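Peer 1: Sequence first, then the predicted structure, then my questions.
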Amino acid sequence: MAYTDHGYIAPEYALQGRFSIKSDVYGYGVLSLEIITSQRNSGCYQMNPFCNLIGHVWELWKEGRCMDIVDKSMDKTYSEEMVVRCIQIGLLCVQRYASDRPTMSKAVFMLGNADVVLPFPKQPAFIDESDYNGDIQPASNRTCSVNRVTISVVEAR
């Protein structure tokens, strides 16, 4: 499993130089999770095979234990419901594929409207980036080869 820390840079930009309106959303998601946890994304989490904050939060989210990552110095001075919502929005912003991420205006809307039902986040961009080819859409939506082999059709003149 390969992982290279790109900080706040969206994986499609860091690995392929592709920039979109969703690239900044990724950085915002990382920053949100760092604020909630008071930890840096580049920190190594011994109990977690992904060795970064995003991977650690994702694992806790899947286990239903995302409150375990909240900064202890906050001493329960927050609404647990709102913190879980902020973590979920942060995870939505760091989803692997840019096409799955909300726009920045949508993320702000979700933060300001607690009655809006949030979708369940998909896997973040932190696992084995050697198989990430920079597509901004999931494999199911692509029209290219699944094994990254190009086909050249040779025609006579």
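Peer 2: Right, received. Where do you want to start?
Peer 1: what stretches of this protein score poorly on pLDDT?
Peer 2: 1-6, 13-18, 43-51, 126-157 (pLDDT under 70).
Peer 1: give me the number of residues near the nearest residue in space to Trp61 that is not next to it in sequence?
Peer 2: Spatial nearest neighbour of Trp61, excluding adjacent residues (CB to CB, 6 or more residues apart in numbering): Leu91 at 6.1 Å. C-beta: built from backbone N, CA, C; applies to glycine. Using other CB atoms under 10 Å, Leu91 has 23 other residues around it.
Peer 1: so which helix or strand takes in Leu91?
Peer 2: Remark: Leu91 resides in helix 80-93, with elements defined by DSSP states H and E.
Peer 1: In CSV, list the C-alpha atoms belonging to that helix.
Peer 2: The C-alpha atoms that make up helix 80-93 are tabulated as CSV, following Å, rounded to 0.1, in the frame of the first residue of the first chain:
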residue,chain,number,x,y,z
GLU,A,80,-22.0,16.3,19.4
GLU,A,81,-24.5,16.4,16.5
MET,A,82,-22.8,19.4,14.9
VAL,A,83,-19.3,17.9,15.3
VAL,A,84,-20.4,14.7,13.6
ARG,A,85,-22.0,16.8,10.8
CYS,A,86,-18.7,18.7,10.4
ILE,A,87,-16.7,15.5,10.2
GLN,A,88,-19.2,14.1,7.7
ILE,A,89,-18.9,17.2,5.5
GLY,A,90,-15.1,17.1,5.9
LEU,A,91,-15.1,13.5,4.6
LEU,A,92,-17.4,14.5,1.7
CYS,A,93,-14.9,17.1,0.7
